[in-house]
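[1] I'd like to go over a predicted model; first the sequence, then the structure.
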Amino acid sequence: MKQIAISLHLTSRQIEEYYRGKARHVVAEAIDGRMVQLPINVLHSFISEDGIIGDFVVTTDDKHKFVSIERLKPNSPGGNLLDQVG
């Protein structure tokens, strides 16, 4: 398994575009510079009135297929977790 740290900031207007079918994927730059493409449906549980804002860890299998996504809690003990994932 591999983990990739990303930071997302999608406005509610951007989320509406996905729901209207104008896009199926979100493309984000990982903390280490890699580009990550995620299907919008894996982000549904993170949508709020403000959109999707936060730091996340995406887990993939060894063939780079999506396995899971988890939001990192701000001010986690042990330092900045985004610096520790890679």
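    Right, received. Where do you want to start?
[2] what is the least confident helix or strand in this structure?
    Ranked by mean pLDDT, DSSP states H and E, the helix or strand of the chain with the weakest confidence is helix 81-84, at a mean of 45.
[3] and the strands in the protein?
    In the chain, the segments counted as strands under DSSP state E are 2-10, 25-29, 35-39, 52-60, 66-71.
[4] would you reformat those as TSV and include distance to residue 19 and mean pLDDT?
    Where you see a C-beta, it was placed from the backbone N, CA and C, and this is true even at glycine. Shown next, in TSV, are those (distance: least, Cβ to Cβ, whole Å; pLDDT from 0 to 100):
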stretch	distance to residue 19	mean pLDDT
strand 2-10	12	94
strand 25-29	13	91
strand 35-39	13	92
strand 52-60	13	95
strand 66-71	19	95
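[5] using a markdown table, lay out these together with mean neighbour count.
    Listed next are the strands of the chain as a markdown table, based on neighbours: other Cβ atoms under 10 Å:
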| stretch | mean neighbour count |
| --- | --- |
| strand 2-10 | 17 |
| strand 25-29 | 14 |
| strand 35-39 | 14 |
| strand 52-60 | 17 |
| strand 66-71 | 14 |
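[6] let's have the ones you listed in JSON lines, adding distance to residue 18.
    Putting the strands of the chain into JSON lines (distance: least, Cβ to Cβ, whole Å) gives the following:
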{"stretch": "strand 2-10", "distance to residue 18": "8"}
{"stretch": "strand 25-29", "distance to residue 18": "8"}
{"stretch": "strand 35-39", "distance to residue 18": "10"}
{"stretch": "strand 52-60", "distance to residue 18": "10"}
{"stretch": "strand 66-71", "distance to residue 18": "15"}
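[7] that's all I had, so thanks and see you.
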